[in-house]
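>>> okay, sequence plus prediction incoming.
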Amino acid sequence: MPIKNSKDATEYLLSALAQNYINEDCYPQKEKLQKAIKIFKKENLAQQQLEALFLLAHIYKNDKELDNEILTIENAINIADKEKDNEWLFHLYSYLGEMYIQQFNSLKFVKYQTLANLCIKDMEFQDMTVSAQIQVIKNMLNLEQYQEAYDSLLSIESNVSQNSVFVNEIMRLKGIALFRMHKLDACIETMEKVLKNERSTEHKFTCHSILTYCYYQKNDMDNAKIHKQQAMACTGDIENGPADIEFYELCAKVAGENNEFKEETECLYNIKSRYETALDNINGQSLDKAIQAYTHIHEKKLYNRKVSLYRYILIGLLVFVCIGLLLYIRKRKKQVYRILALQRQIDSLENLQNMKDEMKGFIQRDFEIAKKIAMLRVTQKAQSEKFLKDLEKHHIIEGNDLLTTHWAQFYKHIDIYFDGFFSKLTNEYPALNEKEIQLCCMLVSGFKTEEIAAIWMNSVFSVHKYKTNVRKKINAPEGADIIIFLTEKL
């Protein structure tokens, strides 16, 4: 299909990856993949670039274009480094490490293996993707940590679906670990299962060569011969480096024991040619020298990183101090504003209290007037009639809530003057009726029994009767002072 935009390029990449997962020897057209990479680069699609470059490197490997393979992986490393994607960096460095160990280049193997391990030093194994976990296990096998690799594979296998594309690879690595631990029966069983679903020529060679050795050790020469022939059929298409040498050494040994001198000679010639290639790649350097050389380079890089780190720390401290100073100034401003706001609130509350005190004074005055006029009505009814008319002219009686029986307003005054007495009373004792509430409110405001009787225009006996009813409803002892009792309860 034509690739015109990023959507087309992504679809092409996904299709190519799916086919490659199913069969590792199946690769897309190089030109189309390169065109997709250009589109990904233009659109700044980093993850698509990395996937495509990694696949392109495998194509160059299959075509034996070593320089292009290395250049492609280095381009991918630059992208992953910009994205700070340590998992991709781990895969890419590990790829280079495996590539160089196949070429017997110890110096570069040590270099890239070290870089790969640095990328994942802060990652927990269980937090990695399955592909990263498998790559870690491959590195363990390269470092001869066979039991640890096998245990890790069992852990991954228990968490991976049987339909996963990684199942066959996990089983193949298990077979390799079992082979290295000399558990031949388990190795044979595992590798035979792997071969049923294996399509990669390289991996087929691995399985057949291992099975050749296992059957030979078990003295099953028929099966050993079958797998030896199948392994040899795979060697023409691939280069397996140390694995090739190990396989041909075994074939030469078997041929010699069976007096097959021609085949033994061919195997020894193959071993010789591969050792010559190995010596050319090593360039006379021992593994120890390679490690020492890279260690020196790595230490220099670490020193430069430390210098940069200290510089960044110093800059960070200065920035931190400046930010801290700004925050302190801001905090002090807030404190000053808060103090000013509190002072305003205090002033407002004082003014409110003064207004409340004045209001209480007016209310108390009304109470006293109500008491006097009520008693005057009862005790000196005839003589006070003219006096009361004069008071009405000046609207004194009209504005008094008690004398005009405006009880709702009276209750508001009681709440203001006596700290919410009316509200607390009605909430605590809902069984009290209107007359009983009036009685309690007048008692708390200082009215005597006779004054209350005058306000109600009832007898003193009636007031005492209401008092008795109130005591019963509030559960006060007989003869108890109602207001003292209520003050303690409310």
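Received the coordinates, thanks.
>>> show me the helices in the stretch 51-200 of the chain, by range?
Using DSSP state H, counting those that start in this stretch, the helices of the stretch 51-200 of the chain run over residues 66-82, 86-102, 106-119, 130-142, 146-159, 167-180, 184-197.
>>> closest one to residue 456 among those?
Taking C-beta to C-beta, helix 146-159 is the member of the helices of the stretch 51-200 of the chain nearest to residue 456, at 88.2 Å. Quick note: C-beta positions are derived from backbone N, CA and C, even for glycine.
>>> list the buried residues in the closest one.
Within helix 146-159, the residues that count as buried by 16 or more other C-beta atoms under 10 Å are 146, 149-150, 152-153, 156-157.
>>> got the CA coordinates for it in PDB?
Extracted in PDB, the C-alpha atoms of helix 146-159 (Å, rounded to 0.1, in the frame of the first residue of the first chain):
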ATOM      1  CA  TYR A 146      22.000 -20.000  34.400                       C
ATOM      2  CA  GLN A 147      20.000 -20.900  37.500                       C
ATOM      3  CA  GLU A 148      19.000 -17.200  38.100                       C
ATOM      4  CA  ALA A 149      18.000 -16.900  34.400                       C
ATOM      5  CA  TYR A 150      15.900 -20.100  34.600                       C
ATOM      6  CA  ASP A 151      14.100 -19.000  37.800                       C
ATOM      7  CA  SER A 152      13.300 -15.700  36.200                       C
ATOM      8  CA  LEU A 153      11.900 -17.400  33.100                       C
ATOM      9  CA  LEU A 154       9.600 -19.500  35.300                       C
ATOM     10  CA  SER A 155       8.400 -16.300  36.900                       C
ATOM     11  CA  ILE A 156       7.700 -14.700  33.500                       C
ATOM     12  CA  GLU A 157       6.100 -17.800  32.200                       C
ATOM     13  CA  SER A 158       3.500 -17.900  35.000                       C
ATOM     14  CA  ASN A 159       2.400 -14.400  34.200                       C
END
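>>> got the contact list for it?
Identification of contacts with helix 146-159 by C-beta atoms under 8 Å, 6 or more residues apart in numbering yields 125, 130, 133-134, 136-137, 140-141, 166-167, 170-171, 173-174, 177-178, 180-181.
>>> now do stretch 245-255
The contact list for stretch 245-255 (C-beta under 8 Å, 6+ apart) reads 205, 209, 212-213, 216, 224, 228, 231-232, 235, 240, 261, 263-264, 267-268, 270-271, 274-275, 278.
>>> quick check: residue 21 touching residue 165?
Yes: taking contacts as C-beta atoms under 8 Å, residue 21 lies within contact range of residue 165: 4.5 Å.
>>> what about those two, which has more around it?
Set side by side, residue 21 and residue 165 show more neighbours around residue 165, with 15 against 12, by other C-beta atoms under 10 Å.
>>> and the more buried one, what does it touch?
Per C-beta under 8 Å, 6+ apart, neighbours of residue 165: 21-22.
>>> how much space between it and residue 14?
Residue 165 is 13 Å from residue 14, where distance means C-beta to C-beta, to the nearest Å.
>>> where does the stretch 351-490 of the chain have low pLDDT?
351-405 (pLDDT under 70).
>>> cool, and the chain?
For the chain (pLDDT under 70), the answer is 1, 104, 236-242, 244, 274-298, 348-349, 351-405.
>>> reformat the helices of the stretch 51-200 of the chain as CSV; add distance to residue 312.
Below are these laid out as CSV (distance: least, C-beta to C-beta, whole Å):
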stretch, distance to residue 312
helix 66-82, 17
helix 86-102, 19
helix 106-119, 19
helix 130-142, 29
helix 146-159, 36
helix 167-180, 41
helix 184-197, 49
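>>> if we can go back for a sec, with distance to residue 454 added, can I get the buried residues of helix 146-159 in a markdown table?
Putting the buried residues of helix 146-159 into a markdown table (distance: C-beta to C-beta, whole Å) gives the following:
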| residue | distance to residue 454 |
| --- | --- |
| 146 | 110 |
| 149 | 106 |
| 150 | 106 |
| 152 | 100 |
| 153 | 103 |
| 156 | 98 |
| 157 | 100 |
